[in-house]
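A.B. asks: sequence first, predicted model second:
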Amino acid sequence: MLIDGDAYLRDTPASGRTVRVEEPAPGVRLLTFDREHRLNAMSGEMIKDLHAVLDDVGRDDACRVVVLTGAGRAFCAGLDLHEPPV
């Protein structure tokens, strides 16, 4: 999903480090937010990584189920207010 030509996160690169992707069974993708130290709060980097992963999943006709979870004790604490504004 692009909003206004990706302007909402223009200066934030995707790293591929904040969302883990696993395939526990054929046709199933397990996506895990992996910022446990921040209770998986959404940073600009994490938003970019999630969009990249979901774009890949959307192009995969074999994928029928997506499970979204968070590492550690929290699914997602919301927006990470300690990150610079995007």
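C.D. replies: Sure thing, it's come through. Numbers count the residues shown, from 1 in each chain.

A.B. asks: the lowest-mean-pLDDT helix or strand in the chain - contacts with which helices or strands?
C.D. replies: Here the helix or strand of the chain ranked lowest by mean pLDDT, DSSP states H and E is helix 44-59, holding a mean of 94. Under the contact definition 3 or more C-beta pairs under 8 Å, 6 or more residues apart in numbering; DSSP states H and E, helix 44-59 sits against strand 19-25, strand 28-33. Glycine gets a C-beta too; all of them are placed from N, C-alpha and C.

A.B. asks: measure the spatially most central residue of the chain to residue 38 for me?
C.D. replies: Among the residues of the chain, residue 50 comes closest to the average C-alpha position under C-alpha atoms, centre = their mean, at 2.4 Å. Distance of residue 50 to residue 38, computed by C-beta to C-beta, to the nearest Å: 15 Å.

A.B. asks: list the contacts for residue 39?
C.D. replies: 70, 72, 73, 74, 76, 77 (C-beta atoms under 8 Å, 6 or more residues apart in numbering).

A.B. asks: drop anything exposed from those residues.
C.D. replies: 70, 76 (16 or more other C-beta atoms under 10 Å).

A.B. asks: could you dump the contacts of residue 39 to TSV with pLDDT?
C.D. replies: Compiled in TSV, these are given as follows (pLDDT from 0 to 100):
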residue	pLDDT
70	97
72	96
73	95
74	95
76	96
77	95
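
A.B. asks: for the protein, which spans come out with low pLDDT?
C.D. replies: 1-13, 84-86 (pLDDT under 70).

A.B. asks: contacts only, for the residue lying farthest from the centre of it.
C.D. replies: Largest separation from the mean C-alpha position in the chain: residue 26, at 20.9 Å (C-alpha atoms, centre = their mean). For residue 26, the contact set (C-beta under 8 Å, 6+ apart) comprises residue 62.

A.B. asks: give me the distance between it and residue 19.
C.D. replies: Distance from residue 26 to residue 19, by C-beta to C-beta: 21 Å.

A.B. asks: please apply the same query to residue 60.
C.D. replies: On the measure of C-beta to C-beta, residue 60 and residue 19 end up 15 Å apart.
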